[in-house]
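> Return a 3D structure for these sequence lines:
(2 chains)
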Amino acid sequence: SQQGEEDPQALSIQEGENATMNCSYKTSINNLQWYRQNSGRGLVHLILIRSNEREKHSGRLRVTLDTSKKSSSLLITASRAADTASYFCATVTTGNQFYFGTGTSLTVIP
Amino acid sequence: DGGITQSPKYLFRKEGQNVTLSCEQNLNHDAMYWYRQDPGQGLRLIYYSQIVNDFQKGDIAEGYSVSREKKESFPLTVTSAQKNPTAFYLCASSDRSSGNTIYFGEGSWLTVV
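Below you'll find the model as predicted:
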């Protein structure tokens, strides 16, 4: 399987704190993406970082990518209760195949 | 509205029966995908199709079948050969026009009774 892995599997923080989750993968990639899933719903795209980029920002999200270590991290700053969800990384090959990680379940306590 | 529509949302299947999950997209995307998600787990790729009349097996294709006769439709059949079909099924599509991001439907819950 080319599925990636994320850690931690579960994360619980207080509102206002920062949340960091990590993703490790196995394949060569064209880009890496992060998605969010609310319970029982489909996934929603958050941010994309290309293989030649090292860091990207979007609002309260910051993503880093280290292709030498085949790893990425997602930082959510100033977390809110509405950020409670599962977060998945997806590696995308040059053949446009998507491989999703195992996910991090984030709980933000008001 | 543009998007991906999966139906039904909830489906119950008796053992030994085949069932078909519908997936329709009006995003004009070339590529479509089916993923399986078990409770508390990540997504595993069942089948994908990069173009009409062509599809490829993913990591867990055994016990499943698909067709891609039209660009907008990619139905998934869960056959009786799939021994543990109870799961959440997600359909998705992508295209270079979408910036290589993948759009998901709202999912279908399949339960074997």
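> And the closest residue to chain B within chain A, how close does it get to B:D30?
For chain A and chain B, the shortest gap (CB to the nearest CB) falls at A:G42, measuring 3.4 Å. From N, CA and C alone the C-beta is placed, and that goes for glycine too. Counting by CB to CB, to the nearest Å, the separation of A:G42 from B:D30 is 19 Å.
> And these two? Which one has more around it.
A:G42 (20 against 16; other CB atoms under 10 Å in any protein chain shown).
> Is that one in contact with B:E106, as I believe?
Yes - at 4.9 Å, A:G42 and B:E106 qualify as touching, with contact defined as CB atoms under 8 Å.
> What parts of chain A come near chain B?
A:1-3, A:6, A:30-31, A:33, A:35, A:40-45, A:48, A:88, A:90, A:92, A:96-103, A:105 (CB under 8 Å from any CB of the partner chain).
> Might you list the low-confidence residue ranges for chain A?
A:1-3 (pLDDT under 70).
> Report the central residue of chain B.
B:W34 (3.1 Å; CA atoms, centre = their mean).
> State the distance from the nearest residue to that residue once chain neighbours are set aside to A:S72.
Leaving aside its chain neighbours, B:W34 sits nearest to B:I46 (4.3 Å; criterion: CB to CB, 6 or more residues apart in numbering or on different chains). Separation of B:I46 from A:S72 (CB to CB): 25 Å.
> who's in contact with B:I51?
By CB atoms under 8 Å, 6 or more residues apart in numbering or on different chains, the contact list for B:I51 reads B:D30, B:A31, B:R68.
> got it, and A:M21?
A:E6, A:D7, A:P8, A:L11, A:S73, A:L74, A:Y87, A:T104, A:L106.
> what about the third one, neighbour count?
Counted by other CB under 10 Å, the residues lying close to A:P8 total 12.
> Sketch out the strands for chain B, chain order is fine.
B:4-7, B:10-13, B:19-25, B:31-37, B:43-51, B:54-57, B:64-66, B:76-78, B:87-94, B:102-104, B:108-112 (DSSP state E).
> And for chain A?
Under DSSP E, chain A gives strands at A:5-7, A:10-14, A:19-24, A:31-37, A:43-50, A:55-58, A:61-66, A:71-76, A:85-92, A:98-100, A:104-109.
> Can I get those in JSON lines including distance to B:T79?
Formatted as JSON lines, these follow (distance: least, CB to CB, whole Å):
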{"stretch": "strand A:5-7", "distance to B:T79": "30"}
{"stretch": "strand A:10-14", "distance to B:T79": "34"}
{"stretch": "strand A:19-24", "distance to B:T79": "33"}
{"stretch": "strand A:31-37", "distance to B:T79": "27"}
{"stretch": "strand A:43-50", "distance to B:T79": "26"}
{"stretch": "strand A:55-58", "distance to B:T79": "42"}
{"stretch": "strand A:61-66", "distance to B:T79": "39"}
{"stretch": "strand A:71-76", "distance to B:T79": "36"}
{"stretch": "strand A:85-92", "distance to B:T79": "27"}
{"stretch": "strand A:98-100", "distance to B:T79": "24"}
{"stretch": "strand A:104-109", "distance to B:T79": "32"}
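> With that, I have no additional questions.
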